[in-house]
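Colleague: Return a 3D structure for these sequence lines:
(chains A, B and C)
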Amino acid sequence: MIDPTDEPLSVSLDMDLTWRYAAGDAMTRFLEDVGRGRLEASRCDVCGRRYLPPRPFCGMCRVRIDGWVAVEDTGVLEAWTVVHLPIRDGRTGEMRPSPYGMGLIHLDGADTSLNHYLDTAEPERLTIGARVRAVWRRDRRGAMDDILHFEVLS
Amino acid sequence: MRPVAVIGTGQTKHAKARLDVSQPELVREAASAALEDAGIRPQDVDAVVISNMELFEGRAFPELWVGEGAFAAGKPCLKVATGGTSGTSACIAGFHQAASGAFDIVLVVGFEKHSEGHTQTGMALTDPFWDRAVASGAVGNFALSISQYMSARGVTEQHAAMVAVKARRNAANNPHAHLQMPDLTVEQVLESRMLAHPVRLLDMCPQSDGAAAIVVASGNAARRHCRQPAWVHAAVTRHDQPYLGDLDRRLVTMRALRDAARAAYSEAAITRPLADIDVAEIYEPVTYAELAWYEALGFCEDGNAGRLIEEGVTGMDGELPVNPSGGVLSTNPVGASGVIRVAEISAQLMGRAGSRQVPGVRTALATGYGVYAWSDVIVMRTEKP
Amino acid sequence: MIVQGSIRLSFTYAAGRIGSRFLVGLRDSRVILGAHCSRCALVVCPARAFCPVCSTGMDDLREVGPGGTVEVWSTVPGRGTYGMIRLDGADTALVHRLLGDAGLWEPGARVVARFAAKRIGSITDIEGFERGEP
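Modeller: You can find the predicted model right below:
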């Protein structure tokens, strides 16, 4: 029997991972609209719920959805936080700069809320119930971050 | 369906990093302890269920690597991976397997080695079109819902800090627990680092390396192997819609947990949860969640959670001790955490909970919580159903 | 619409009680260790903590190889030739690189381990197996 000295070893590995995801019809239409500075929600014909993110079926009614309604880029702040804990961005693996504001925004014309970034220049203005508006990127490319963040309206 | 019971439990020492053991060796510690507690041999196990969030440690089919550690080679084995509910759902899968008559004895093992991987990044790898751009990890997402909950229910940072203190003091009675902070004070919690307003470092669960196991037996096998089995009276699981903003004021309404609790209480004939339940192990990744769960689980009226913690109702000497183990706030190896909840109430029912034993436990509750709203509710008793 | 994402993540895995001894053996002694099961007498290589047949914990580590026999092999274009090699004294086969020209291998071929000059405690401390006897 051989008995090498006990020395706990570890094995370190770097993994480079790449994914390609098909958006499907509903998300493709939505993201193309976002690239044009427009927001649309998908609406369930059965319960009437207007969904953001848009989706091909209503989870509660269990039916396909193909109706669309325009949604404003203004709404009401339903929840907010300022995140200090640095995390990696799930799209790139890069550390996201912190602190940053996060909110749940009930856009005018939708029945679900959108989670997105908040402008934290004046953090004392972040309150539940505040009116907010999307600040759009100039160079849009059809992605959720074509909206930079939401700012509280005066 | 046949009656089923838990007849043995086992846990590792949970810690920030268990560099002394590989993942299979970690799993074996808990699995061996559970078999020993049940007084059975590996060959008595008919099937194995494993709980683990494989993406956190970045490897495919962990059940392949750790299976031997869980005595699974050559046996039926499946894996459950549903975020925080992985462990409780794996237990429920084991209950169903034994109740159906498919197997007499099922070993359920949950584990996680967060120190080896990327938990927060793993959690950020959700819907690539929407969530990845704007999601904010467990802490940020909780903080959002907490802002709504505080506003709706009048819960304060002090209430949350009292939950943090209760959990860490209870953990001091639990030799398996990761965080050991017997002298923690409300002031220290309120002075700890802000992670995401209003959530502070000591409001959050740690990330732990650890494993936990239970031995599930059908009625006859349970009687044969165990003098006082912990009998399953209800085991309910509920999921919900996919996006954070789909759920109306998540912590306030907590539809999935309320639905699961209603169904479980109905099955187990619980009408007054606070009086009918003797001990609870609930899945509280953050202090504020424990307060929200008090309401969703019917321990108090909506709006009274703060009073419950203020008055010590859920303390070790209270009417309904919640998380004598120290809870997820003291120990969180995600894949194991739900199994720990079930193992802890089983040990309470079997009278094997050591210095964290609540006297005279006859009815016990365990819950699981995962992703945005996934909820499991399990009711167990000393009495056979 | 197709959305692409790329991410680099680093992982560090504990080799554990038995895995560490196996890796230390490669690194410090150019020795390949198998684990002997006291219950079913199997010798498993690489050494690991639990018997794949009976799940018994194993801590009796024994030197196997460095010679062995190729059981099966396959060439992956651009990546080399891999084989399952049953080392002398082991009852299970180790998957590793076969060194030498592709297409020259046959089941039953005798091989011997070639160790890297710089060894770090990794399965790649064995560069591969080349035709020959120890």
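Colleague: how about the strands in chain C?
Modeller: Along chain C, the segments classed as strands by DSSP state E run C:2-14, C:32-36, C:43-44, C:60-64, C:67-76, C:80-87, C:93-98, C:110-115, C:126-131.
Colleague: Can you classify B:Met150 by secondary structure?
Modeller: Classification of B:Met150 using DSSP: H, G, I helix; E, B strand; the rest coil returns helix.
Colleague: Count the residues that sit near B:Ala161.
Modeller: 24 (other C-beta atoms under 10 Å in any protein chain shown). Yep, even glycine has a C-beta here, placed from its N, CA and C like the rest.
Colleague: now swap in the one 5 residues further on and tell me
Modeller: Counted with other C-beta under 10 Å, the burial measure for B:Lys166 works out to 26 neighbours.
Colleague: quick one, which of the strands of chain C is packed in tightest?
Modeller: Neighbour counts (mean count of other C-beta atoms under 10 Å in any protein chain shown) averaged over each of the strands of chain C peak at strand C:32-36, with a mean of 25.
Colleague: re the thing from before, is it possible to get JSON lines of the strands of chain C that adds distance to B:Asp302 and mean pLDDT?
Modeller: What follows is the strands of chain C, written out as JSON lines (distance: least, C-beta to C-beta, whole Å; pLDDT from 0 to 100):
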{"stretch": "strand C:2-14", "distance to B:Asp302": "41", "mean pLDDT": "91"}
{"stretch": "strand C:32-36", "distance to B:Asp302": "58", "mean pLDDT": "97"}
{"stretch": "strand C:43-44", "distance to B:Asp302": "58", "mean pLDDT": "96"}
{"stretch": "strand C:60-64", "distance to B:Asp302": "61", "mean pLDDT": "96"}
{"stretch": "strand C:67-76", "distance to B:Asp302": "62", "mean pLDDT": "94"}
{"stretch": "strand C:80-87", "distance to B:Asp302": "62", "mean pLDDT": "95"}
{"stretch": "strand C:93-98", "distance to B:Asp302": "59", "mean pLDDT": "96"}
{"stretch": "strand C:110-115", "distance to B:Asp302": "68", "mean pLDDT": "97"}
{"stretch": "strand C:126-131", "distance to B:Asp302": "64", "mean pLDDT": "96"}
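Colleague: Output those strands as TSV; include the columns distance to chain A.
Modeller: Formatted as TSV, the strands of chain C follow (distance: least, C-beta to the nearest C-beta, whole Å):
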stretch	distance to chain A
strand C:2-14	4
strand C:32-36	6
strand C:43-44	12
strand C:60-64	5
strand C:67-76	17
strand C:80-87	14
strand C:93-98	16
strand C:110-115	16
strand C:126-131	14
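Colleague: Dump these to JSON lines, plus distance to B:Thr82.
Modeller: Shown next, in JSON lines, are the strands of chain C (distance: least, C-beta to C-beta, whole Å):
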{"stretch": "strand C:2-14", "distance to B:Thr82": "22"}
{"stretch": "strand C:32-36", "distance to B:Thr82": "34"}
{"stretch": "strand C:43-44", "distance to B:Thr82": "33"}
{"stretch": "strand C:60-64", "distance to B:Thr82": "38"}
{"stretch": "strand C:67-76", "distance to B:Thr82": "36"}
{"stretch": "strand C:80-87", "distance to B:Thr82": "36"}
{"stretch": "strand C:93-98", "distance to B:Thr82": "33"}
{"stretch": "strand C:110-115", "distance to B:Thr82": "44"}
{"stretch": "strand C:126-131", "distance to B:Thr82": "40"}
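Colleague: Next up, the contacts around the closest residue to B:Gln241 other than its chain neighbours.
Modeller: Once flanking residues are discounted, B:Gln241 sits nearest to A:Gly59: 4.6 Å by C-beta to C-beta, 6 or more residues apart in numbering or on different chains. A:Gly59 makes contacts with B:Gln241, B:Pro242, B:Asp246, as judged by C-beta atoms under 8 Å, 6 or more residues apart in numbering or on different chains.
Colleague: State the pLDDT value of A:Gly59.
Modeller: On the pLDDT scale, A:Gly59 is placed at 92.
Colleague: ok, now how distant is the residue of the stretch 201-350 of chain B found nearest chain C from chain A?
Modeller: Nearest residue of the stretch 201-350 of chain B to chain C: B:Asp209, at 8.9 Å (C-beta to the nearest C-beta). Counting by C-beta to the nearest C-beta, to the nearest Å, the gap from B:Asp209 to chain A is 13 Å.
Colleague: What is the burial count for the residue nearest to that residue when sequence neighbours are not counted?
Modeller: Nearest non-adjacent residue to B:Asp209, counting by C-beta to C-beta, 6+ apart: B:Arg18, 4.0 Å away. Look at B:Arg18: counted by other C-beta under 10 Å, it has 25 neighbours.
Colleague: got it, and B:Gln348?
Modeller: 28.
Colleague: phi, psi of it?
Modeller: Dihedral pair for B:Gln348: phi -60, psi -40, per degrees, to the nearest 10.
Colleague: and the residue of the stretch 201-350 of chain B closest to chain C, what does it touch?
Modeller: Contacts of B:Asp209 (C-beta under 8 Å, 6+ apart): B:His14, B:Ala15, B:Lys16, B:Ala17, B:Arg18, B:Leu26, B:Glu112, B:Lys113, B:His114, B:Ser115, B:Glu116, B:Pro333.
Colleague: How about chain A: which residue is closest to chain C?
Modeller: Counting by C-beta to the nearest C-beta, chain A gets nearest chain C through A:Gly93, at 3.7 Å.
Colleague: so that residue sits right up against B:Ala124, yeah?
Modeller: No: counting by C-beta atoms under 8 Å, A:Gly93 does not reach B:Ala124; the two are 9.4 Å apart.
Colleague: Just give the closest residue to the residue of chain C found nearest chain B, not the sequence neighbours.
Modeller: Chain C approaches chain B most closely through C:Gly16 (2.7 Å), counting by C-beta to the nearest C-beta. Distance criterion C-beta to C-beta, 6+ apart; nearest residue to C:Gly16, sequence neighbours excluded, is B:Ser22 at 2.7 Å.
Colleague: Tell me how many other residues surround the residue of chain C closest to chain B.
Modeller: Burial of C:Gly16 is recorded as 25 neighbouring residues (other C-beta under 10 Å).
Colleague: Identify the residues contacting it.
Modeller: A:Pro8, B:Asp20, B:Val21, B:Ser22, B:Gln23, B:Pro24, B:Glu25, C:Ala49.
Colleague: From these, pick the one nearest C:Gly128.
Modeller: Of all these, C:Gly128 sits closest to B:Ser22, with 24.7 Å by C-beta to C-beta.
Colleague: how many neighbours does the closest one have?
Modeller: Using other C-beta under 10 Å: B:Ser22 sits among 29 other residues.
Colleague: Check whether it really touches C:Ala14, as I assumed.
Modeller: Yes: between B:Ser22 and C:Ala14 a contact is recorded at 5.4 Å, counting by C-beta under 8 Å.
Colleague: Now B:Val48: closest residue in space that isn't a chain neighbour?
Modeller: Closest to B:Val48 by C-beta to C-beta, 6+ apart is B:Ala72, at 4.0 Å.
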